[in-house]
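Visitor: Sharing a model prediction with you, sequence too.
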Amino acid sequence: MKKLRVGVIYGGRSGEHEVSIASAASIMKHLDRSRYEPVPIRIEKDGRWTLADKIPTAISAADVIEHVRLEAARPARPGREAHLVAHPGEDTVLSIERGRGVVPDGSASATVTGVGLDVVFPVLHGPYGEDGTVQGLLELANVPYVGAGVLGSAVGMDKAVMKTLFAAHGLPVGPYQVVLRPEWHKGASAAATRIAAELGYPVFVKPANLGSSVGISKARTALELGDAVELALQFDRKVVVEAAIPNAREIECAVLGNDDPQASVPGEVIPSREFYDYEAKYLDEGSKTIVPASLDERVVREIQRLSIAAFRAVEGAGMARVDFLIDGGSGAIYLNEVNTIPGFTTISMYPKMWEASGLAYPDLIDRLIALALERHSEKQQLRTSIT
């Protein structure tokens, strides 16, 4: 049986670069070499694409950060440039290796090699990867890829648009406000007054287009709100401000499928800090995850129903992790967000919830690749001409 050549794209131009490397390392470690040939494609923080000389091995963001620190102290070694060909063809990626000499016309020599890919597994968390940009490039190249398409990825990245869609589908969303950079810089006081009147304090302030809790703060006063918005605006021009849910339990659920998605058993996150920020997720050792979550069967069924409804609302495909908040007093369930490319290490919640549901990590990868090929095959049946 011919091995499928799987291009794993990771890294990226976002604050989630290190998390992405850890996810890619785990995926490539567990790809069945009898069935797949992995091709590691790394996007550097400055946006350069390279074909990595070796597969990444660090499986936690903390390990990656330490590795990056050590690498920064060594002389830089340029990797092979990689360029995704933005049109259908046998060579999905062009690999360019710069030579040390020069050719007769005086320019630097280079060796260009075409690399064909059967399917791509993007593990790019955050902007320029999870937001539909890379998915659009893969659509132009007509290559099958794991996960949501352009629309689902873009909506799943933008928390403000996502909440609007949830509300339109009648899904329970907590109170929130949206602040744009021009509005804040022209009238921060008026925006803060509006937020206080609509939401009260405390609130959570988030960049609209980012994940892994990067740039998120909890604000209890107008002064803290100002600092929190300024921090979030460093990562995005649009900020979402959410009312804090009293004594909230953080519940997550994994969804898998295309047109007939299935939901896993839910899990619960108990952060080591006041809330589940980047440090609590990836750097502290005190945060806990409980899978399956200790919930009444009725609540489990409702979480699973809402997860599938949210997945469909954003036109998800392949996979997504759906996050909820449960009011500790009333028990009310609030849909928080959908993550179309969730963390994918073996200790990440998405694989853990499927493991608890009876689907092992390697089998989960197999299923996601099969779903990507299935979706791509269906799209190839569409007409592209009226003649």
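Guide: Noted; the coordinates are in hand.
Visitor: what does the domain assignment say about the chain?
Guide: 4-145, 156-172+246-379, 176-243 (automatic domain parsing).
Visitor: Switch those over to a markdown table; also include distance to Ser385, mean neighbour count and mean pLDDT.
Guide: Heads up, the C-betas are built off the backbone N, CA and C, glycines and all. Output for the domains of the chain, formatted as a markdown table (distance: least, CB to CB, whole Å; neighbours: other CB atoms under 10 Å; pLDDT from 0 to 100):
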| stretch | distance to Ser385 | mean neighbour count | mean pLDDT |
| --- | --- | --- | --- |
| domain 4-145 | 15 | 18 | 82 |
| domain 156-172+246-379 | 15 | 19 | 92 |
| domain 176-243 | 35 | 18 | 93 |
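Visitor: mind giving me TSV with those and columns for distance to Ile386?
Guide: Formatted as TSV, these follow (distance: least, CB to CB, whole Å):
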stretch	distance to Ile386
domain 4-145	20
domain 156-172+246-379	18
domain 176-243	37
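Visitor: how about the helices in this protein?
Guide: Taking DSSP state H as the test, the helices found in the chain are 17-30, 61-72, 133-141, 150-157, 159-168, 181-199, 222-233, 278, 297-313, 349-356, 361-379.
Visitor: Figure out which of those helices is closest to Val214.
Guide: Closest approach to Val214 among the helices of the chain is made by helix 278 (5.5 Å; CB to CB).
Visitor: ok, the residue nearest to Ala25 when sequence neighbours are not counted to Glu16 distance?
Guide: Counting by CB to CB, 6 or more residues apart in numbering, Pro56 is the residue found nearest to Ala25 once chain neighbours are left out, at 4.1 Å. Counting by CB to CB, to the nearest Å, the gap from Pro56 to Glu16 is 15 Å.
Visitor: which residues does Arg367 contact?
Guide: 256, 359 (CB atoms under 8 Å, 6 or more residues apart in numbering).
Visitor: I'd like to know how far it sits from Leu306.
Guide: 22 Å.
Visitor: Check Arg98 too.
Guide: Distance from Arg98 to Leu306, by CB to CB: 51 Å.
Visitor: Output the helices of the chain as a markdown table; include the columns distance to Arg249.
Guide: Formatted as a markdown table, those follow (distance: least, CB to CB, whole Å):
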| stretch | distance to Arg249 |
| --- | --- |
| helix 17-30 | 24 |
| helix 61-72 | 24 |
| helix 133-141 | 33 |
| helix 150-157 | 23 |
| helix 159-168 | 19 |
| helix 181-199 | 20 |
| helix 222-233 | 23 |
| helix 278 | 20 |
| helix 297-313 | 10 |
| helix 349-356 | 14 |
| helix 361-379 | 25 |
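Visitor: Quick check: which of the ones you listed is nearest to Pro246?
Guide: Nearest of these (CB to CB): helix 181-199, 13.1 Å.
Visitor: Could you list every helix and strand in contact with that closest one?
Guide: In this structure, helix 181-199 packs against strand 176-180, helix 222-233, strand 238-243, with contacts taken as 3 or more CB pairs under 8 Å, 6 or more residues apart in numbering; DSSP states H and E.
Visitor: tell me the angle of the shortest one relative to helix 159-168?
Guide: Taking axes from the mean of the first three to the mean of the last three CA atoms, to 10 degrees, strand 176-180 and helix 159-168 form an angle of 140 degrees between their directions.
Visitor: about what we covered before: can you lay out the helices and strands packed on helix 181-199 as JSON lines showing distance to Gly318?
Guide: Below are those laid out as JSON lines (distance: least, CB to CB, whole Å):
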{"stretch": "strand 176-180", "distance to Gly318": "27"}
{"stretch": "helix 222-233", "distance to Gly318": "29"}
{"stretch": "strand 238-243", "distance to Gly318": "25"}
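Visitor: Which among those is found nearest to Val150?
Guide: strand 238-243 (19.2 Å).
Visitor: Please enumerate residues in contact with the closest one?
Guide: 158-160, 163, 174-181, 184, 195, 199-200, 203-209, 225, 229, 232-233.
Visitor: Who's the closest spatial neighbour of Lys288, skipping the chain neighbours?
Guide: Ile270 (4.3 Å).
Visitor: which ones are touching the one you found?
Guide: 250, 287-290.
Visitor: Show me which of those residues is closest to Leu117.
Guide: Thr289 (33.4 Å).
Visitor: So the closest one sits against Lys352, correct?
Guide: Yes: assessed by CB atoms under 8 Å, Thr289 is found in contact with Lys352 at 6.7 Å.
Visitor: which residues do the two both contact?
Guide: Gly267.
Visitor: Show the contacting residues for the nearest residue to Pro127 once chain neighbours are set aside.
Guide: Using CB to CB, 6+ apart and skipping residues adjacent in sequence, the residue nearest Pro127 is Ser14, 4.8 Å away. Contact analysis of Ser14 by CB under 8 Å, 6+ apart lists 20, 124-129, 210.
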